[in-house]
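S.K.: I'd like to go over a predicted model; first the sequence, then the structure.
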Amino acid sequence: MAEFDNIYAESNPFVRAHFDCPQCGGKLWEYAIQGQMVCEDCRNPFPSEDIFDEQAKR
Ligand SMILES: [Zn+2]
């Protein structure tokens, strides 16, 4: 049986992203497991790709 290292087991799965929520301007937290970000204010999840695209337009 292959050894499985869960890199998230001992660390907080949420990483503070340097992006703002496109809806309310709150801080976004990157949820590394799902490849998505969650706003700490409105709790809306956003795909990381969408956020990167949004930031690239500015
Ligand atoms: Zn928000």
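M.R.: Arrived safely. Numbering: from 1, shown residues only.

S.K.: close to the ion, is the lowest-mean-pLDDT helix or strand in the chain?
M.R.: Least confident helix or strand, the chain: strand 14-20 with a mean of 78, by mean pLDDT, DSSP states H and E. No. With Cβ under 5 Å from the ion as the criterion, the ion is not reached by strand 14-20; the gap is at least 8.2 Å. In short, each C-beta sits where N, CA and C put it, glycine included.

S.K.: what residues does that strand touch?
M.R.: With contact meaning Cβ atoms under 8 Å, 6 or more residues apart in numbering, strand 14-20 is reached by 26-32, 37-38, 51, 55.

S.K.: Now for these: which two are most distant?
M.R.: Across these, the longest distance by Cβ to Cβ is 19.0 Å; it joins 26 and 32.

S.K.: Looking at the contacts of strand 14-20, which is nearest the ion?
M.R.: residue 26 (4.1 Å; Cβ to the ion).

S.K.: Am I right that residue 42 falls within a helix?
M.R.: No. Counting by DSSP: H, G, I helix; E, B strand; the rest coil, residue 42 is not part of a helix but coil.
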